[in-house]
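Engineer: Sequence first, predicted coordinates after that:
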Amino acid sequence: MQLKMTEKDDAVILAVEDERMDAHNSGNLKEKMLQLFDEGKYQLVIDLSAVRFIDSSGLGALVSGFKNASARDGSLRLCCLQPQVRSMFELTRLHRVFEIFASLDEALESQS
Amino acid sequence: MQLKMTEKDDAVILAVEDERMDAHNSGNLKEKMLQLFDEGKYQLVIDLSAVRFIDSSGLGALVSGFKNASARDGSLRLCCLQPQVRSMFELTRLHRVFEIFASLDEALESQS
Amino acid sequence: MSKRVELNIKVPNQTSYLAMVGQIGESLAFSLKNYRGNRRELAYHLNLCLTEALTNAIYHGNASDPDKYVHITISASDDDLIIKVYDQGQGFDLDTRHKLKANPCDEGGRGVNIILKLMDDVRCLQEKGVNVLEMKKRLH
Amino acid sequence: MSKRVELNIKVPNQTSYLAMVGQIGESLAFSLKNYRGNRRELAYHLNLCLTEALTNAIYHGNASDPDKYVHITISASDDDLIIKVYDQGQGFDLDTRHKLKANPCDEGGRGVNIILKLMDDVRCLQEKGVNVLEMKKRLH
Ligand SMILES: Nc1ncnc2c1ncn2[C@@H]1O[C@H](COP(=O)(O)OP(=O)(O)O)[C@@H](O)[C@H]1O
Ligand SMILES: Nc1ncnc2c1ncn2[C@@H]1O[C@H](COP(=O)(O)OP(=O)(O)O)[C@@H](O)[C@H]1O
């Protein structure tokens, strides 16, 4: 999986650059997040603007990051979901679990 | 085939709005051009900016329009070819037959 | 009766083929004639159900064995669509499994539920001793 | 020997399926492992050769009869790719046909030449009495 990482204050922004998140590539995202947690970086924003397709494995990787961030008093926020990706969070009711923002700026501003 | 028609001075611009030109839809373009010739409109510009894929049937429809325009002392010019579409003209040596322009403006300006 | 499109796909037991198989489902959705629903949505759903079923066949059915294969058939008419995913495993009991209530914070366990929500009829059965997940969808 | 992907496609004799079949070729190009060439170009070429061969099967082989079918098989490994397109017609002589020099301003007559330029080995033969256009491409 192509991931672009940028830091903004104490937040790390990971932009997924693949169109597709499935069992073939979602493991990379999970590992990258674990590595960031190891480095003491607990405030993550995942920018999904490029993602056109996500399956249960992609959602699972995001849940994993969310749980690990929460366990460290950090956060994992999502932004820029394409409509069909957004529908997947609704189908699996994960829109109630994640904080989802329309834009990257809104996600960054909302940091508590 | 979705075609968007606009007129500019005595030229008619036909923008192909499908991503694909093949034997399934190219007949529509051919018919539309014949209809324009019947109406006395002999200066055509075909805007291919939306076209990602063209096969020999799509090329054949353009050749048909070109021949009919030429026979009436008119012209058929092409503009805005995506690189892979441009390659198809080279593969079939049709880049020597057609007048091909990078932009719509250039195609319109070149009218003799 | 309307004419059917039949697709028969055999891929090595590797997740690198998920995208291809999913996209075949998308392309099929856009080629169905007379479909009156939301085609983009149908395309996503077929991509998704194929991806979920193939992922399960690779990991659960074929236990990640890179020497095995997964076999997929898709048969579509204007009226309905039948997808079958065959693996070389033991199969599983769809009924007991999907009754387990998933915890919203579990990492896994969403694949079969997604398939059950999006398809009209889903069965896990044996065909000549081979495990197959069969998914049917009505198209109107 | 590397593992093969096998696709087997049967479509009604209608041009509305050209896009689907062509796109399957594109998706396959993106799923091939270890391909070192230009993948986008390979994807276009597979889409194109499938489209040209299917168009000819529909119009020439099956004489536009809407009750007939076209059958396509694709077999791919890391090393090579074999596409076969079966129709219910009489076949044709590839050699005499492609030696006819095409006029640059002819409307038709470019399909087979395109296939001959982009594929490494092309034959028109009979398999159990069925006409088949076989196209092979080396992948490195
Ligand atoms: N093809 C299969 N062969 C054997 N067991 C399967 C198969 N597909 C699904 N299962 C069983 O059903 C369970 C639920 O699958 P799923 O909802 O996709 O979630 P997950 O794969 O994340 O566990 C799996 O954990 C597995 O036990
Ligand atoms: N599947 C086929 N069955 C019978 N004849 C064929 C088949 N494919 C091609 N041909 C013959 O080869 C000729 C050249 O085909 P092609 O180069 O695609 O151009 P076109 O289809 O525009 O004539 C056709 O006109 C036809 O006579």
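Structural biologist: Received it, and whenever you're ready, just let me know what you need. Ligands and ions are numbered 1, 2, ... in the order given.

Engineer: which helix is the longest one in chain C?
Structural biologist: Determined from DSSP state H, the single longest helix within chain C is helix C:39-56.

Engineer: Equivalent analysis for chain A, please.
Structural biologist: Longest helix in chain A, counting residues (DSSP H): helix A:56-71.

Engineer: Off-centre distance for that helix?
Structural biologist: Remark: helix A:56-71 is offset 8 Å from the chain centroid, using Cα atoms, centre = their mean, to the nearest Å.

Engineer: what's the neighbour count on the closest residue to C:Y86 other than its chain neighbours?
Structural biologist: In this structure, C:Y86 finds its nearest non-sequential neighbour in C:H71, 4.1 Å apart by Cβ to Cβ, 6 or more residues apart in numbering or on different chains. Placement of C-beta: from N, CA and C, glycine included. For C:H71, the count of nearby residues is 17 (other Cβ atoms under 10 Å in any protein chain shown).

Engineer: Give me the below-cutoff pLDDT ranges for chain C.
Structural biologist: Residues of chain C meeting the criterion pLDDT under 70: C:1, C:97-102.

Engineer: Around ligand 1, which positions in it sit nearby?
Structural biologist: Neighbours of ligand 1 within chain C, by Cβ under 6 Å from any ligand atom: C:56-57, C:60-61, C:87, C:89, C:91-92, C:97, C:108-113, C:133.

Engineer: Report the buried members of these.
Structural biologist: Using 16 or more other Cβ atoms under 10 Å in any protein chain shown as the burial test, the residues of chain C next to ligand 1 include C:N56, C:A57, C:H60, C:G61, C:D87, C:G89, C:R110, C:G111, C:V112, C:N113, C:L133 as buried.

Engineer: Would you map the strands across chain C?
Structural biologist: Secondary structure of chain C, counting by DSSP state E: strands at C:5-12, C:69-76, C:80-87, C:121-127, C:130-138.

Engineer: Note down every partner strand of the longest one and its orientation.
Structural biologist: When you say that, I think you mean strand C:130-138. Next to strand C:130-138 in the sheet, as set by DSSP bridges, lie strand C:80-87 (antiparallel), strand C:121-127 (antiparallel).

Engineer: Pull the contacting residues for the most centrally placed residue in chain C.
Structural biologist: With distances taken as Cα atoms, centre = their mean, the residue of chain C nearest its centroid is C:L50 (3.7 Å). With contact set as Cβ atoms under 8 Å, 6 or more residues apart in numbering or on different chains, C:L50 has these partners: C:V21, C:G22, C:I24, C:G25, C:I72, C:I83, C:V85.

Engineer: Spatially, what comes nearest to it if we skip its sequence neighbours?
Structural biologist: Per Cβ to Cβ, 6+ apart, closest to C:L50 is C:G25, 4.5 Å.

Engineer: could you measure C:L32 against C:G22, distance?
Structural biologist: Relative to C:G22, C:L32 is positioned 16 Å away (Cβ to Cβ, to the nearest Å).

Engineer: now do A:A71
Structural biologist: Per Cβ to Cβ, A:A71 is found 33 Å from C:G22.

Engineer: in stretch A:91-108, what's buried?
Structural biologist: Judged by neighbour count (16+ other Cβ under 10 Å), stretch A:91-108 contains these buried residues: A:L91, A:T92, A:L94, A:H95, A:V97, A:F98, A:I100, A:F101, A:L104, A:A107, A:L108.

Engineer: so which of these also contact chain B?
Structural biologist: Residues of the buried residues of stretch A:91-108 in contact with chain B (Cβ under 8 Å from any Cβ of the partner chain): none.

Engineer: Just the ones of those in helices?
Structural biologist: Per DSSP H, the buried residues of stretch A:91-108 map to helices at A:L91, A:L104, A:A107, A:L108.

Engineer: Distance of the closest residue to ligand 1 within chain C relative to C:I58?
Structural biologist: Per Cβ to the nearest ligand atom, C:G111 is where chain C lies closest to ligand 1, at 2.4 Å. Remark: distance between C:G111 and C:I58 (Cβ to Cβ) = 12 Å.

Engineer: With C:G89 instead?
Structural biologist: Per Cβ to Cβ, C:G89 is found 10 Å from C:I58.

Engineer: got it, and C:V132?
Structural biologist: Counting by Cβ to Cβ, the gap from C:V132 to C:I58 is 15 Å.

Engineer: what about chain A, any weak spots by pLDDT?
Structural biologist: Where chain A drops to pLDDT under 70, the residues are A:112.

Engineer: Tell me where it has strands.
Structural biologist: So, for chain A - with DSSP E - the strands run A:3-8, A:11-16, A:20-21, A:43-47, A:53-54, A:75-79, A:99-101.

Engineer: out of the ones you listed, nearest to B:E7?
Structural biologist: With respect to B:E7, and counting by Cβ to Cβ, the nearest of those is strand A:53-54 at 40.8 Å.

Engineer: check contacts around the residue nearest the centre of chain A.
Structural biologist: Geometric centre of chain A, nearest residue: A:I46, 3.3 Å, by Cα atoms, centre = their mean. A:I46 sits next to A:I13, A:L14, A:A15, A:V16, A:L29, A:L62, A:G65, A:L76, A:R77, A:L78, A:C79 when contact means Cβ under 8 Å, 6+ apart.

Engineer: what residues are up against the last one?
Structural biologist: Okay, so that is A:C79. A:V45, A:I46, A:D47, A:L48, A:S49, A:I100, A:F101, A:A102, A:S103, A:L104, A:E106, A:A107.

Engineer: ok, those residues vs ligand 2, which is closest?
Structural biologist: Proximity of the contacts of A:C79 to ligand 2 (Cβ to the nearest ligand atom) peaks at A:S49, which lies at 42.3 Å.

Engineer: quick one: that closest one and A:C80 touch, right?
Structural biologist: Yes - A:S49 is within contact range of A:C80, at 3.7 Å (criterion: Cβ atoms under 8 Å).

Engineer: So for these two, which residue has more residues nearby?
Structural biologist: A:C80 (21 against 14).

Engineer: quick one on the thing from earlier: out of the residues of chain C next to ligand 1, which are inside helices?
Structural biologist: If you go by DSSP H, these have C:N56, C:R97, C:G111, C:V112, C:N113 in helices.

Engineer: what's around the nearest residue to the third one once chain neighbours are set aside, how many residues?
Structural biologist: Right, C:G111. Nearest residue to C:G111, sequence neighbours excluded (Cβ to Cβ, 6+ apart): C:E52, at 4.1 Å. Neighbouring residues of C:E52 were enumerated by other Cβ under 10 Å; the total is 27.

Engineer: re earlier: quick check, nearest of the contacts of C:L50 to chain D?
Structural biologist: C:I24 (5.6 Å; Cβ to the nearest Cβ).
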